[in-house]
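[1] starting from these lines, generate the structure:
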Amino acid sequence: MGLVQTHTTADTLLAALDALDLRAGSWFVTDADGTLWAADVADEAWQRLHAERLLRPAAAHALSRILGAAGGAPTGEPHADGAALYQMYLDEQVDDWPVLEAMTVCFSGWREEEVRSFGGAVFRDSVASRTFETTATLLDAVLARGHRLAVVSGSPRLIVEAALAGLGLDPLPLVCGMDLRQEDGLLTDEVVHPMTWGAGKVQALRAVCGDEPIEVAFGDTAGDLELLEAARSLRVLVHPRPGLVRAAEESTGPWCLLVPQRTVGGHLVETPDSDRVIQQGCD
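    Numbering: from 1, shown residues only. As a prediction, the model looks like this:
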């Protein structure tokens, strides 16, 4: 791995970025969960949906299908099937893909504005204080320098957009995330492809931005590797999971590390020692 530097503050990383002397309008892209905040907005939304039993009947078929395909025993009741799938994930019986889909189709039957409002509440209550102390400074600085910013996440796009609005960014960056097709103003249970994980992150971004070069990318898990490798000037690993570090060691750089020490809520941040993106149970 062509590791350039380790940064603990926004100031030193911004100095390194300025030294690249990139033209205005260059593309900067970043993952969201684990990269901008020490939380997973999709998981936080999922926990709240289940705790408050907010899943709607429109989600039942898709959750049963996903659970059955994973080897579980569907009941047809969305909360029970969602909880069973989640437990299978925690027990390492399924990988990330079924959970990514489930945490998207759980909003079937909702209107877009309802999801945005719900996402804003999730961010305020569960994620805002866990945002890295470097995040707002870095994103504001990228925009202030006239660069273009995209956030590419495996979480639902509408939830991520609500979270970024909660950060107070102006203008809001482009967001690529998990999406559902709409019909008559309601979200269906049909996931829009490509799913924004692994190579799908780059495919989704290219579908919007074309072939313009990506100069700088940020990420924290192996699901971000292809997105990071698409950046030609600098690839920033943010408290990276072990699997991403191993993959980076086998790839060309330039790479650097960003390891913010605290969240805006004052909590100390430790680099995760597991590749499991979600590690808590569903109430």
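[2] my guess is V151 contacts A32. True?
    Yes - here V151 reaches A32: they are 5.4 Å apart, a contact under C-beta atoms under 8 Å. Every residue, glycine included, has its C-beta placed from N, CA and C.
[3] helices along the stretch 1-150 of the chain, start to end?
    10-19, 41-51, 60-69, 78-90, 96-105, 112-122, 135-144 (DSSP state H, counting those that start in this stretch).
[4] I meant to write the stretch 151-283 of the chain there.
    157-166, 199-209, 225-229, 242-249.
[5] what's the least confident stretch among the ones you listed?
    Ranked by mean pLDDT, those bottom out at helix 242-249, with a mean of 91.
[6] for it, packing partners?
    helix 225-229, strand 231-238 (3 or more C-beta pairs under 8 Å, 6 or more residues apart in numbering; DSSP states H and E).
[7] which residues touch the shortest one?
    Helix 225-229 has contacts (C-beta atoms under 8 Å, 6 or more residues apart in numbering) with 29, 31, 152, 198-199, 201-202, 205, 217-219, 235-237, 244, 247-248, 251.
[8] on that earlier part again, overlap in contacts, V151 and A32.
    In contact with both V151 and A32: 160, 164, 177, using C-beta under 8 Å, 6+ apart.
[9] what's the closest of those residues to G72?
    Each of the shared contacts of V151 and A32 was scored against G72 by C-beta to C-beta, and G177 proved nearest at 25.6 Å.
[10] my read: T221 touches H239, true?
    No - contact status for T221 versus H239: not in contact, 10.1 Å apart, counting by C-beta under 8 Å.
[11] so these two - more neighbours on which side?
    T221 (26 against 18; other C-beta atoms under 10 Å).
[12] counting neighbours, what do you get for the closest residue to the more buried one other than its chain neighbours?
    Ranked by C-beta to C-beta, 6 or more residues apart in numbering and with sequence neighbours excluded, the top spatial neighbour of T221 is R241, at 4.9 Å. The number of residues packed near R241 is 23, by other C-beta under 10 Å.
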